[in-house]
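Chemist: here is my input; please provide its structure:
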Amino acid sequence: MSLASLREAARLIRHHHELYDGGGFPDGLRGEAIPLGARILCVVNEYDMLIHGKSFLEVYTGAQARQYLSDHRGSRYDPVILDKFLEFIAGEAWPIAEKELVCEPGQLRSGMRLARDLVTKSGIVLLPRGHVLDQPVIDRIAELSRDTGAHIRICVLSD
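Modeler: Okay, the predicted model is just below:
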């Protein structure tokens, strides 16, 4: 609060959970009342959360994440910002992991390598990206899914 040089950054961070239709928080701002930088952060942050599985253990492929964003154009996201973002990531400038397979625990096989960290809903890393799965680890993942009732999807590298 006392760092004047960070005041604008703090304002953008504060409002990056505001939704374009006014349904967000903390202040329920709508449309152009949401600072431009916060509208940009909202789109980029949610795309990152979707493709890295930081949202309810769900992991989206690049295509699924782009579809999710498009489905919420004008409600969650500023249409102009979203269109520019989707245009940007359509090029090679943004890494979109299309060589990943999204698997349920029952589809995992020994020797598969994680494409992304396996994290809990609370952000605890269970297994790091690059970890090679073996049967005991696969069994523990299946057990975790059963015991918690969580719908766990795991990203592995495709051949």
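Chemist: tally of neighbours for R129?
Modeler: Using other Cβ atoms under 10 Å, R129 has 14 neighbouring residues. C-beta here means a position set from N, CA and C on the backbone, and glycine is covered the same way.
Chemist: OK, contacts around it?
Modeler: By Cβ atoms under 8 Å, 6 or more residues apart in numbering, the residues touching R129 are L114, A115, R116, D117.
Chemist: how close does L101 get to D117?
Modeler: Noted for L101: a distance of 16 Å to D117, by Cβ to Cβ, to the nearest Å.
Chemist: of the two, who's got more company?
Modeler: D117 (19 against 14).
Chemist: all helices for this protein, in order.
Modeler: Assigned by DSSP state H, the helices in the chain fall at 7-15, 36-51, 62-71, 79-90, 135-148.
Chemist: what comes up buried for the fourth one?
Modeler: So that's helix 79-90. Across helix 79-90, burial judged by 16 or more other Cβ atoms under 10 Å covers I81, L82, F85, L86, I89.
Chemist: hmm, R66 and the last one touching each other?
Modeler: Put plainly, it is I89. Yes. Judged on Cβ atoms under 8 Å, I89 makes contact with R66 at a distance of 7.2 Å.
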